[in-house]
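Visitor: Here's a sequence, model it:
(2 chains)
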Number of protein chains: 2
Amino acid sequence: MDAAEFRRRGKEMVDYVADYVENIEKRQVYPDVEPGYLRPLIPEEAPEEAENYEDVVKDIERVIMPGVTHWHSPYFYAYFPTAHSFPAMLADMLCGAIGCIGFSWAASPACTELETVMLDWLGKMLKLPEDFLAGTEGKGGGVIQGTASEATLMALLAARSKIIKLIQAEHPDQSEADITSKLVAYSSDQAHSSVERAGLIGGVRMKKILSDNKFSVHGDALRRVIEEDRATGLIPFFFCATLGTTPSCAFDCITELGPICNAEKIWMHIDAAYAGSAFICPEFRPLLNGVEFADSFNFNPHKWLLVNFDCSTLWVKKRSDLIGAFKMEPLYLKHDHQESGLVTDYRHWQIPLGRRFRSLKLWFVFRMYGLKGLQAYIRKHVGLAKEFESLVRADQRFEISADVVLGLVCFRLKGSNELNETLLKRINSARKIHLVPCQLAGKFVLRFAVCARTTESRHVQEAWCHICHLASELLQELPH
Amino acid sequence: MDAAEFRRRGKEMVDYVADYVENIEKRQVYPDVEPGYLRPLIPEEAPEEAENYEDVVKDIERVIMPGVTHWHSPYFYAYFPTAHSFPAMLADMLCGAIGCIGFSWAASPACTELETVMLDWLGKMLKLPEDFLAGTEGKGGGVIQGTASEATLMALLAARSKIIKLIQAEHPDQSEADITSKLVAYSSDQAHSSVERAGLIGGVRMKKILSDNKFSVHGDALRRVIEEDRATGLIPFFFCATLGTTPSCAFDCITELGPICNAEKIWMHIDAAYAGSAFICPEFRPLLNGVEFADSFNFNPHKWLLVNFDCSTLWVKKRSDLIGAFKMEPLYLKHDHQESGLVTDYRHWQIPLGRRFRSLKLWFVFRMYGLKGLQAYIRKHVGLAKEFESLVRADQRFEISADVVLGLVCFRLKGSNELNETLLKRINSARKIHLVPCQLAGKFVLRFAVCARTTESRHVQEAWCHICHLASELLQELPH
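Guide: Below is the predicted model of the structure:
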């Protein structure tokens, strides 16, 4: 395919994409296919000879679409949102065309520098403490990671490396393995599975701190465990606080937890993967109070800030902590400017070496929406969640299972877990809307997350009617 | 921006991309900017109000392009290639539009299933042993990782988890920390820095095995170190073989190394990040002989197989080894089919949770080029490298520093390292072409990697004339 054909095919694809987005609500949100559906639809091997583009494109509707879960359908209320916007898609086209691999400043200065400045822009939008910004002389700064899982892992590895160096400076006889075997990291019992996974990867003990009846971790719960662990010779070194947990969007009390971590020399990382986007609104910014005690902070613009996946933003107060964890300098990656202290080589800030020019998406989205446009988007989603909450509360058969703070509503039928499991099964089998469950204090709970950019009040109302209808059917079947 | 505006702006962007690619050789391959160039060119904060798209687009040439290193210019010969093709860009547009996050089968069945089948297609193109294919009943299979760094890390973590379980099954009293402290992993002294980094992240000892005068590791070198280590109580568990090292594209002798690893119960991972693409050509496939002894194999279609970054393909013989390393099942990620054994939940196969629909790129590229088209592309690049090698060999002032097997030529002026450092500095300062160096057996060497899809014989000839001219100037300046 040459440039001339790409001009034609690219424009057709733009129309296909626009059509897909404009008509997405006509598609069934969750597919009917069974496992293994795709393999028989296509050949067993790649073709020897090149095919026609028409044949490839025809297969999108024949092979792919029947098996797609439509995350951007206004009937999709599962998991958390993943972001999707036209400006981000345009930026991604540009990113693909430039196709640079920005592992060092020299590998493409624009790729590195726009990222640093965009992370400063975004930090200012969130009113992050100055310490987290790069500016021209700061010691902190931000970086785009692929996912929050990687950001948590990077923070944990940096913390592990820091504590080992600290201890070895005082006790040069202690081996890394000895120290590691005594390290202990903490997170909420509501934290995302990726936090526990970071501990497994890093080879350190990870303990879950009990959350309260609002699913938040408080200072005394952490303090108690720290004291117990110190008494048995363990070395607490890392705490991952969650702002906006995955099950219920609960918030750990970082104004209490932060000072404890600081006093105990424990690295506090904040995972605000979903909720973080909301902090650009002044009315939600108080939820971030206490960030000044953190060593690192992460959230996913690719969830709720209209920037297509992947774009997970991580800030640190001391970039040297992150870089120090595993800086390596083979000759083939050296360049003239790297010793000047003026440049950022982002490869030291992340697990992978290669990286795309993802900051273009941030730049396009910030400018095409403006701060006000982004705030309006967040508020609209929160409003829709509140609307759904009111509908649930007005129906005596249901209960709300956790405070509705942002765009997630946790609810259930008053009654047994089995009843709610059956309800969810019927909702998802009907294929009209798509939800996933969670477990809260032993209860099976349905999660209603406002996800798609195009979700409007009418969709929420329709979803609620549908749920009510299925619930009524179910309740009527029960023996009285 | 609504769908109607996207139709217009998207088509403009398609033209911009086509123009960029068609005229890329008119742009200076390496930028003139100094560190910090970008920040003063744009505001200090994100705009409050939305801007016009025209203003954003104007800034691409004003702000971004002056700082871009043009990896797809035919004058770019640095690092290794990164892939770039129109079919891959079209597939990426579709991927962005669907915008699903395929962490589980249910999160988008098409995303998971196309990936499994595409990895089988690609495995067959490489003539990988049947064990590595998923098929409908296989125990192996492939997965797309972001980068080779992540693939190596995943393999090392899977190997670590496997050996720990194995030892604990026999010695339940041994703690994970105790065992980890005795583990030792190996790689060539020519291996990529990301391999050493995987060891650091995994918290295990990593030793470099001496390569021979062709920069290849042989069986006896590994065997010697294993014996020494076993004698001192260490537990060898992982060997990362490299096929196509970064400095010189050397090949470890896996037909010797594989049987040793198998006999010693050491996980053998093969990192063929760059060279792997060439194995689709029958004449280069012998370089992969010995893969039958490996537990995992990885290469980057995003380097040399016309699939835009990111797309790093990893195969394992036993998927249970990979999954077993850290499977976690929170309720919000459970789905009906997962216990059936029929489905793949790729989140267990990788570090991040989220993942894009990257297999679309493979599908589009395989079909739009066909196997023959891809083979022709590889052969063309190898031919250009051989052409450059002949030019170097015909000039008595220069020497070839390593066998030219694929698309990389390592060469230098006969003489001191300083002389060659100066030559490289002048080449890169002139900005006509872009190269990076490497170190081979203590010598400073220039690497000439055929990178861009659009590189032709005339560009290689031109590059050589330019290098000769600068070399002549430099040699004339020297005292006789």
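
Visitor: from here on, contacts and neighbour counts on C-alpha atoms
Guide: Fine.

Visitor: All the strands of the stretch 151-300 of chain A, in order from the start?
Guide: For the stretch 151-300 of chain A, applying DSSP state E, counting those that start in this stretch gives strands covering A:183-188, A:205-209, A:235-242, A:267-271, A:296-299.

Visitor: Including mean neighbour count, could the ones you listed go into CSV?
Guide: Output for the strands of the stretch 151-300 of chain A, formatted as CSV (neighbours: other C-alpha atoms under 10 Å in any protein chain shown):
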stretch, mean neighbour count
strand A:183-188, 24
strand A:205-209, 19
strand A:235-242, 26
strand A:267-271, 28
strand A:296-299, 28
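
Visitor: can I get those in TSV with distance to chain B and mean pLDDT?
Guide: Shown next, in TSV, are the strands of the stretch 151-300 of chain A (distance: least, C-alpha to the nearest C-alpha, whole Å; pLDDT from 0 to 100):
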stretch	distance to chain B	mean pLDDT
strand A:183-188	10	97
strand A:205-209	10	96
strand A:235-242	14	98
strand A:267-271	14	98
strand A:296-299	14	98
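
Visitor: Can you name the residue of the stretch 351-480 of chain A nearest to chain B?
Guide: Closest residue of the stretch 351-480 of chain A to chain B, C-alpha to the nearest C-alpha: A:Gly370 (4.1 Å).

Visitor: Quick check: mean pLDDT of the helix or strand encompassing that residue?
Guide: Using DSSP states H and E, A:Gly370 sits within helix A:359-393. Across helix A:359-393, pLDDT averages out at 98.

Visitor: Show me what it is packed up against.
Guide: With contacts taken as 3 or more C-alpha pairs under 8 Å, 6 or more residues apart in numbering or on different chains; DSSP states H and E, helix A:359-393 sits against helix A:86-98, helix A:109-125, strand A:398-400, strand A:408-413, helix A:457-477, helix B:53-59.

Visitor: if we can go back for a sec, these two touch, right, the residue of the stretch 351-480 of chain A closest to chain B and B:Asn52?
Guide: No - in this structure, A:Gly370 is not within contact of B:Asn52 by C-alpha atoms under 8 Å, at 10.4 Å.

Visitor: Neighbour count: those two, which is higher?
Guide: Neighbour count, other C-alpha atoms under 10 Å in any protein chain shown: between A:Gly370 and B:Asn52, A:Gly370 has more, with 18 against 12.

Visitor: Now do the same contact list for the residue of the stretch 351-480 of chain A closest to chain B.
Guide: By C-alpha atoms under 8 Å, 6 or more residues apart in numbering or on different chains, the contact set of A:Gly370 is B:46-51.

Visitor: Got a quick PyMOL command for the buried subset of these?
Guide: Selecting the buried subset of these in PyMOL, with 16 or more other C-alpha atoms under 10 Å in any protein chain shown as the burial test, is done by:
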select buried, chain B and resi 46+47+48+50
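
Visitor: tell me which residues in the helix holding A:Gly370 are buried?
Guide: Buried, per 16+ other C-alpha under 10 Å, within helix A:359-393: A:359-375, A:377-389, A:392.

Visitor: among the helices and strands of chain A, which has the poorest mean pLDDT?
Guide: Ranked by mean pLDDT, DSSP states H and E, the helix or strand of chain A with the weakest confidence is helix A:319-324, at a mean of 88.

Visitor: quick one: what helix or strand has the residue nearest to A:Ser194 when sequence neighbours are not counted in it?
Guide: Spatially, and ignoring its direct neighbours in sequence, A:Ser194 is nearest to A:Ser149 (5.3 Å; C-alpha to C-alpha, 6 or more residues apart in numbering or on different chains). If you go by DSSP H and E, A:Ser149 is part of helix A:148-170.

Visitor: Which other helices and strands does that helix contact?
Guide: Judged by 3+ C-alpha pairs under 8 Å, 6+ apart, helix A:148-170 is in contact with helix A:176-182, helix A:193-202, strand A:235-242, strand A:267-271, strand A:296-299, strand A:312-316, helix A:319-324.

Visitor: Which of those sits closest to B:Ile64?
Guide: strand A:312-316 (20.7 Å; C-alpha to C-alpha).

Visitor: Is any residue of that closest one near chain B?
Guide: No - using C-alpha under 8 Å from any C-alpha of the partner chain, strand A:312-316 never reaches chain B; the gap is at least 10.7 Å.

Visitor: For that strand, which helices and strands make contact with it?
Guide: If you count contacts as 3+ C-alpha pairs under 8 Å, 6+ apart, strand A:312-316 packs onto strand A:141-145, helix A:148-170, strand A:296-299, helix A:301-304.
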